[in-house]
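Visitor: have a look; sequence and predicted model below, questions after that.
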Amino acid sequence: MQKTFPPKFKDPGSFTISCTIGSNNIGKAFIDLGANINLMPLSMLKRIGGLEVKPTRMMLQLADRFVKYPYGVVEDVVVKIDKFQFLVDFLVMEMEENAKILLILR
């Protein structure tokens, strides 16, 4: 029987991947395995264009208990990651865009 165990690695929790929406190379999307929603900044929605925004009554309560109201929802957006394509619904928020990470995916 082996007396030593292999080293235990920390849970990464979140990471980034490159993705494409339509012909737009988004760059890095932040993958948050603990998130329940997918977020897209309003500025990115305008840059992509051609996506129908639907109104929503949803509200988000952030970790600091601050409440934010989304701009709207876009449904069934084709997100391409490498050779795979996924239909993703995004909550569109008026928020500052991070130059390194442009989307938050769950």
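Guide: Sure, I can see it.
Visitor: would you map the strands across the protein?
Guide: With strands called from DSSP state E, the chain shows them at 14-21, 24-32, 39-41, 60-61, 67-68, 72-81, 84-93, 103-105.
Visitor: K54 is nearest to which of those strands?
Guide: Distances from K54 to each of the strands of the chain were compared using CB to CB; the shortest belongs to strand 72-81, at 5.0 Å. Where you see a C-beta, it was placed from the backbone N, CA and C, and this is true even at glycine.
Visitor: and the angle from the closest one to strand 24-32?
Guide: 100 degrees (axes from the mean of the first three to the mean of the last three CA atoms, to 10 degrees).
Visitor: so which elements touch strand 72-81?
Guide: Helices and strands touching strand 72-81, by 3 or more CB pairs under 8 Å, 6 or more residues apart in numbering; DSSP states H and E, are strand 14-21, strand 84-93.
Visitor: mean pLDDT lowest where, among the ones you listed?
Guide: Ranked by mean pLDDT, those bottom out at strand 14-21, which scores a mean of 87.
Visitor: who touches that one?
Guide: With contact meaning CB atoms under 8 Å, 6 or more residues apart in numbering, strand 14-21 is reached by 25-34, 48, 77-81, 101, 103, 105.
Visitor: again, but for stretch 88-100
Guide: With CB under 8 Å, 6+ apart as the contact definition, stretch 88-100 has outside contacts at 27-28, 37-45, 53, 56, 58, 60, 68, 70-79, 103, 105.
Visitor: check stretch 42-50 too.
Guide: With CB under 8 Å, 6+ apart as the test, stretch 42-50 has contacts from 21-22, 24, 26, 51, 53, 71, 74, 90, 92-95, 97, 102-103.
Visitor: pretty sure T56 sits against P70.
Guide: Yes: with contact defined as CB atoms under 8 Å, T56 reaches P70; the gap is 5.6 Å.
Visitor: with mean neighbour count as added columns, please give the helices and strands packed on strand 72-81 in TSV.
Guide: Output for these, formatted as TSV (neighbours: other CB atoms under 10 Å):
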stretch	mean neighbour count
strand 14-21	16
strand 84-93	16
